[in-house]
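Asks: Output the structure for:
(chains A, B, C and D)
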2 protein chains.
Amino acid sequence: MKAKITLKDIARELEVSISTVSKALKNSEEISRDTKEKVQAFARLYNYKPNNIAISLKNKRTKNIGVVIPDIVHHFFTTVIRGIEKYANAKGYNVIVCLSEESFDKEVINMEMLANGSIDGFIMSLSSETQAKKDYNHLKEVTEQGIPVVLFDRITHEVDCDKVIIDDKLGGYLATKNLIEQGKRKIALITTDDYLSVSKARGEGYRKALVDSGLNIEESRILKLPTMEMDEERIRDFFESIEFDAVLCVNEIFAVFSMRVALEKGLKIPEDVAVIGFTNGLLSKYANPSLTVVAQHGEKMGEISAQMLIDKVESEKEEETFQTKILEPTLVVRDSTFN
Amino acid sequence: MKAKITLKDIARELEVSISTVSKALKNSEEISRDTKEKVQAFARLYNYKPNNIAISLKNKRTKNIGVVIPDIVHHFFTTVIRGIEKYANAKGYNVIVCLSEESFDKEVINMEMLANGSIDGFIMSLSSETQAKKDYNHLKEVTEQGIPVVLFDRITHEVDCDKVIIDDKLGGYLATKNLIEQGKRKIALITTDDYLSVSKARGEGYRKALVDSGLNIEESRILKLPTMEMDEERIRDFFESIEFDAVLCVNEIFAVFSMRVALEKGLKIPEDVAVIGFTNGLLSKYANPSLTVVAQHGEKMGEISAQMLIDKVESEKEEETFQTKILEPTLVVRDSTFN
DNA sequence: GTGTTTAACGAAAACGGTTTCGTGTTAATA
DNA sequence: TATTAACACGAAACCGTTTTCGTTAAACAC
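Replies: Numbers count the residues shown, from 1 in each chain, chains lettered A, B, ... in the order given. Below is the predicted model of the structure:
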């Protein structure tokens, strides 16, 4: 086992000072050609690499980004991480991922762990518990300490920071409008309680599209589940209790499961029932039939979030201006609707 | 903006030395009751939290784990991360995730970035390029430096370190045997080139099951794609070129797509064609029909990997004993096969 | 009164770098 | 010859902790 070599080691071996070694390795003008070559050759030979921790302590910059998200098994979040990684890595940053698992407490604990010097800034999406509690003190504390935060997708307007969202209302609108244009009139909506910011906005888009087209909003055609968790029984019961010729769901899973229930009832997709979901993941692409969805462009979202964060981290001036970027969702038409 | 407070700040305000503050906060016996209470009260009031970076530098321990994986959008890896997170967080560790994107170079760069003090150990799964090149010098260098490494799933035996794998050969065997027991005789296999350790093992299980049952191995019934990337055209062509009554695929996506092709050909699943895939993800569960798979227990794998790594990191003695844990895959029977 | 113990605290080194500010030597200039 | 500038390098502070090893003064023993 050969331990890592330090500046001190090099200095001792070469009988120069630590400062000289440091400068020589940075190709400083201060150091003579001879010495520089000698030091650099020695460093290369022994594969010297500066200790990141020491540099972080000195610079008060870690080149680490903390990402706190509710879940990692959902395709959307996974694509966002990929986008963050892509941009961050290109800029020389590492990504520390923490999972809140939809728990307020875990979100707080994770943030506190990271906020004590481990990261230069946060990119996060709120847990459902946090959105339900409306308690954002952990976010406020962090921003007050001067640590930049970028909120994406599941955000709150109660915290002053940069934000990246998609226009979920528009997404709901586009999807519903599309169904109406196909001649559907009895459009069901499977969503979650309104405390989830995205569900609420999607529902608003759905309602607006109906109203704009002169259709009634039938509350009985709207199923609000408590969380994004699958509940097969309630969805089955729901379909037994209503008449419908189309279904809009706030995620992929609800939508794919809805298709299964419809098929089991002997209904044809999209003739008898058209289905649209949110999130353009593997599930949508490979479902039978393939699923029309509102794509959220998670990777793009991740890239933009990372860019906004790193801009803030690296900007000297302490600006107190925050922006909210709104991405446009797009409809990806597949076989669960007509085209 | 209130900046974080340091020991020095507390010392100045209270007119004691830094050492006294440090000891008081750790409840040292050396410090008087009075002083301790004064310091602790002050620290609480100003919400003092020690700087992680400084502690890392001192202890030469970061409480960070580096995870380097080929991809994050695949369900299997995502469940492994979740398992790692779970165990690591409970032990007070953070997880730094880096994506190699199946590229050798990115794998090397990511490891080098992290190996200079940012992490206490690595958990990783090899990129396909690395497995193809059979170049493991970056791993060897890291282990020689005394940084513990745990390899999972896509491993190599050329590096001395702890390993966690599932018995992929057994997985292939169980699946194939199951198909044979259902009366299937013309079982196709869709896999990748042998350089991917897992594909190779799964193929071996497939062959063994056939031989054990007295069936011939028809090489024409085996499709080897270059990578795990989807290639719809080659899979379609493959199905045109052979006779088959069952398909075993080394991942979910190939399997679900195979089902679609079969359905398009008017074949019934599982009567005309039974299908089994690897990875018990969302896709399998919500596909129509639902897909029988060999479950890899990714979360368990992640937990065990984290446990092995942290054990090594925290053990004082420098043991040179490495173990390989082999998890048993299980068959999850759904509607794409009989049961 | 002298020597020893103990309690309570501080100085300083250490972790591994970066950076500012000397300082001694040599060469160029007045 | 005296002054100055350029060059090449080192000492030391600093980032925020932890920890060892004094040090001081009071308390105690004899």
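
Asks: So A:I326: helix, strand or coil?
Replies: At A:I326 the chain is in strand, as set by DSSP: H, G, I helix; E, B strand; the rest coil.

Asks: and it, how many neighbours?
Replies: Using other C-beta atoms under 10 Å in any protein chain shown, A:I326 has 12 other residues around it. The way it works is simple: take the backbone N, C-alpha and C, and place the C-beta from them, glycine included.

Asks: Quick check: beta-bridge partners of it?
Replies: Bridge pairing for A:I326 (DSSP bridges) gives the partners A:I165.

Asks: Residue numbers of chain A in contact with DNA strand D?
Replies: Chain A comes close to DNA strand D at residues A:15-20, A:30-35, A:54, A:57-58, A:60, as judged by C-beta under 7 Å from any atom of the strand.

Asks: Please list which of those also come close to chain B.
Replies: A:A54, A:L57 (C-beta under 8 Å from any C-beta of the partner chain).

Asks: Pull out the buried residues from the residues of chain A next to DNA strand D.
Replies: A:V16, A:T20, A:I31, A:T35, A:A54, A:L57 (16 or more other C-beta atoms under 10 Å in any protein chain shown).

Asks: Does the fourth one lie in a helix or a strand, and which?
Replies: With secondary structure defined by DSSP states H and E, A:T35 is part of helix A:33-45.

Asks: Likewise for the fifth one?
Replies: For A:A54, the element it lies in under DSSP H and E is helix A:52-59.

Asks: got the angle for that helix vs helix B:52-59?
Replies: 130 degrees (axes from the mean of the first three to the mean of the last three C-alpha atoms, to 10 degrees).

Asks: who does the helix holding A:T35 touch, helix- and strand-wise?
Replies: In terms of contacts (3 or more C-beta pairs under 8 Å, 6 or more residues apart in numbering or on different chains; DSSP states H and E), helix A:33-45 is packed against helix A:7-14, helix A:18-25.

Asks: now the last one and helix A:7-14, what's the angle there?
Replies: By that I understand helix A:18-25. Using the same axes, to 10 degrees: helix A:18-25 against helix A:7-14 is 100 degrees.

Asks: Between helix A:33-45 and helix A:18-25, find me the angle.
Replies: 80 degrees.

Asks: just to revisit the earlier point, can you tell me which two in the residues of chain A next to DNA strand D are farthest apart?
Replies: A:D34 and A:K60 (34.7 Å; C-beta to C-beta).

Asks: for DNA strand C, what are the nearby residues on the stretch 51-200 of chain A?
Replies: Checking the stretch 51-200 of chain A against DNA strand C by C-beta under 7 Å from any atom of the strand, the hits are A:N51, A:I53, A:A54, A:I55, A:L57, A:K58.

Asks: Quick one: the strands in chain A, in order.
Replies: Remark: strands assigned in chain A by DSSP state E are A:64-69, A:94-99, A:121-124, A:149-152, A:162-166, A:187-192, A:222-225, A:246-249, A:274-278, A:292-295, A:324-327, A:330-332.

Asks: Now that we have those strands, can you turn them into CSV and tack on distance to B:A246 and mean pLDDT?
Replies: Below are the strands of chain A laid out as CSV (distance: least, C-beta to C-beta, whole Å; pLDDT from 0 to 100):
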stretch, distance to B:A246, mean pLDDT
strand A:64-69, 39, 98
strand A:94-99, 38, 97
strand A:121-124, 45, 98
strand A:149-152, 44, 98
strand A:162-166, 42, 97
strand A:187-192, 35, 97
strand A:222-225, 37, 97
strand A:246-249, 33, 98
strand A:274-278, 30, 98
strand A:292-295, 31, 98
strand A:324-327, 44, 98
strand A:330-332, 32, 97
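
Asks: May I see those strands arranged in a markdown table, with distance to A:D311 as well?
Replies: Shown next, in a markdown table, are the strands of chain A (distance: least, C-beta to C-beta, whole Å):
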| stretch | distance to A:D311 |
| --- | --- |
| strand A:64-69 | 12 |
| strand A:94-99 | 16 |
| strand A:121-124 | 10 |
| strand A:149-152 | 10 |
| strand A:162-166 | 9 |
| strand A:187-192 | 33 |
| strand A:222-225 | 38 |
| strand A:246-249 | 36 |
| strand A:274-278 | 29 |
| strand A:292-295 | 26 |
| strand A:324-327 | 12 |
| strand A:330-332 | 26 |
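
Asks: do you know which of these lies nearest B:I119?
Replies: Comparing the strands of chain A by C-beta to C-beta, strand A:94-99 comes nearest, at 9.2 Å.

Asks: At the contact with chain B, which residues of the stretch 51-200 of chain A appear?
Replies: A:51-54, A:56-57, A:62, A:64, A:72-73, A:75, A:78-79, A:81-82, A:85, A:89, A:92, A:94-99, A:110, A:112-118, A:144-146.

Asks: PyMOL command for the buried members of those?
Replies: Burial among those is assessed by 16+ other C-beta under 10 Å; the matching PyMOL selection reads:
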select buried, chain A and resi 51+52+53+54+56+57+62+64+72+73+75+78+79+81+82+85+89+94+95+96+97+98+99+110+113+114+115+116+117+118
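
Asks: before we move on, the earlier item: among the helices and strands packed on helix A:33-45, show me which one is buried the most.
Replies: Of all the helices and strands packed on helix A:33-45, helix A:18-25 carries the top mean neighbour count, a mean of 19, counting by mean count of other C-beta atoms under 10 Å in any protein chain shown.

Asks: Check the offset of that one from the chain's centre.
Replies: 42 Å (C-alpha atoms, centre = their mean, to the nearest Å).

Asks: can you pull out the helices in the stretch 151-300 of chain A?
Replies: A:168-181, A:197-212, A:232-241, A:252-264, A:282-286, A:298-314 (DSSP state H, counting those that start in this stretch).

Asks: Could you save the ones you listed as TSV and add columns showing distance to B:L282, mean neighbour count and mean pLDDT?
Replies: Shown next, in TSV, are the helices of the stretch 151-300 of chain A (distance: least, C-beta to C-beta, whole Å; neighbours: other C-beta atoms under 10 Å in any protein chain shown; pLDDT from 0 to 100):
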stretch	distance to B:L282	mean neighbour count	mean pLDDT
helix A:168-181	21	22	98
helix A:197-212	19	21	97
helix A:232-241	14	14	96
helix A:252-264	7	22	95
helix A:282-286	6	21	92
helix A:298-314	16	22	97
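
Asks: okay, the ones you listed in a markdown table with distance to B:K169 next?
Replies: Shown next, in a markdown table, are these (distance: least, C-beta to C-beta, whole Å):
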| stretch | distance to B:K169 |
| --- | --- |
| helix A:168-181 | 46 |
| helix A:197-212 | 44 |
| helix A:232-241 | 35 |
| helix A:252-264 | 32 |
| helix A:282-286 | 27 |
| helix A:298-314 | 36 |
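
Asks: Let me know which of those is the nearest to B:L283.
Replies: helix A:282-286 (5.7 Å).
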